[in-house]
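# Okay, sequence plus prediction incoming.
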Amino acid sequence: MKTLQYPFTESSIRTLRIGEEISLTGRIYTGRDRLHRYLAEEGASPVDLKDGAIYHCGPVVLRQDGKWAVLAAGPTTSMRQEPYMARIIEKFRVRVVIGKGGMGEATRKACRKCGCVYLQAVGGAAVVLATAVEQVNGVHMLREFGPAEALWDLNVKGFRAIVAMDTSGRSLFKRVETASEKKLRQLLA
C-alpha cells in the first residue's frame, strides 16, 4: 500500500498505477453536484485546490461542543460530476479525485494531461471511512448549498482507496468494460 501525504504533488501522483491501494493523509475537500457546477461554471474556489483532493461526498456531520464531528463520510456517485470534473482538474490543478462508480472519458483525459488520479473509495462503508477523519478544519458555502453539498475541509489519516484512473490514461472501469464485452461475445458465439 502506498501512502500519499498532502499536498499531493504531480510527481508523486504520476508514479501511481491503476489497482494500487492508497492510504491518504492530510487535507481533502468534499464536493458534490452544486459545488462542482459552481466551480466549473461560475466561481473561484473558497480554498486553494492546487495539489489537493476533492472527495465526492456529502458527509453526515454533527455540531458538538462548538466543533463539527463527521459521523459518516461515504462516497457518492462520481459520474454526476463528469460534466464539470475535467474543467475543475485543469482550472484548479486538482491532483486527486475520490468517489465511487467511476468517471467518464473527459475526466480520464484530464487526469492524463494534468497529472491527476481518480481513486475508488468503498461504497457502503460511510461510518468506517469517517473514522479516518481526524478533524474538520472548516466548512465553506454551507448557507448557500446546505450541509450535504457544502465544501467541507477535512484532515484525514489512513483514508484508504484504490487507484481506478491513473495519469497514463489507464482505467479499471475501461478494463472491466473491455473484458465484459469480450466475454459476452464469447458467450453469444
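The structure has been received and is ready for your questions.
# Now do the nearest residue to Gly31 once chain neighbours are set aside against Leu172, distance only.
Nearest-residue entry for Gly31: Ile54, 5.0 Å, with adjacent residues in sequence omitted and distances by C-beta to C-beta, 6 or more residues apart in numbering. (Each C-beta comes from the backbone N, C-alpha and C, glycine too.) Remark: distance between Ile54 and Leu172 (C-beta to C-beta, to the nearest Å) = 19 Å.
# who's more crowded, these two?
Neighbour count, other C-beta atoms under 10 Å: between Ile54 and Leu172, Ile54 has more, with 29 against 17.
# looking at this, Ser12 is in a helix?
Yes. The assignment for Ser12 is a helix, going by DSSP: H, G, I helix; E, B strand; the rest coil.
# Pull the distance from the top strand by length along the chain to the chain's centre.
Scanning the chain for the longest strand, with DSSP state E as the assignment, gives strand 151-165. Distance, stretch centre to chain centre, for strand 151-165: 7 Å (C-alpha atoms, centre = their mean, to the nearest Å).
# likewise stretch 168-184?
Worked out by C-alpha atoms, centre = their mean, stretch 168-184 lies 21 Å from the chain centre.
# quick one, strands of the protein?
2-5, 21-30, 53-55, 60-64, 67-72, 96-99, 117-120, 133-140, 151-165.
# now Ala150, nearest residue through space, not along the chain?
Spatial nearest neighbour of Ala150, chain neighbours left out: Leu142 (4.5 Å); criterion: C-beta to C-beta, 6+ apart.
# Next one: the residue nearest the centre of the chain relative to Tyr29, how far apart?
The centre of the chain sits closest to Ile98, judged by C-alpha atoms, centre = their mean, with a distance of 1.8 Å. Relative to Tyr29, Ile98 is positioned 10 Å away (C-beta to C-beta).
# what sits against the residue nearest to the centre of the chain?
Contacts here follow C-beta atoms under 8 Å, 6 or more residues apart in numbering; on that basis Ile98 touches 24, 28, 53-57, 75, 118-121, 161.
# Please apply the same query to Gly104.
Applying C-beta under 8 Å, 6+ apart to Gly104 gives the contacts 79, 82.
# wouldn't Lys100 be in contact with Gln120 here?
Yes. Lys100 sits in contact with Gln120 when judged by C-beta atoms under 8 Å, with a separation of 6.3 Å.
# neighbours around Val61, how many?
The burial count for Val61: 22, using other C-beta under 10 Å.
# how much space between the spatially closest residue to it that is not a sequence neighbour and His140?
Excluding the flanking residues, the one nearest Val61 by C-beta to C-beta, 6+ apart is Trp68, at 5.2 Å. Per C-beta to C-beta, Trp68 is found 12 Å from His140.
# And for Leu35?
9 Å.
# how close does Arg37 get to Ala132?
From Arg37 to Ala132 the distance is 27 Å (C-beta to C-beta).
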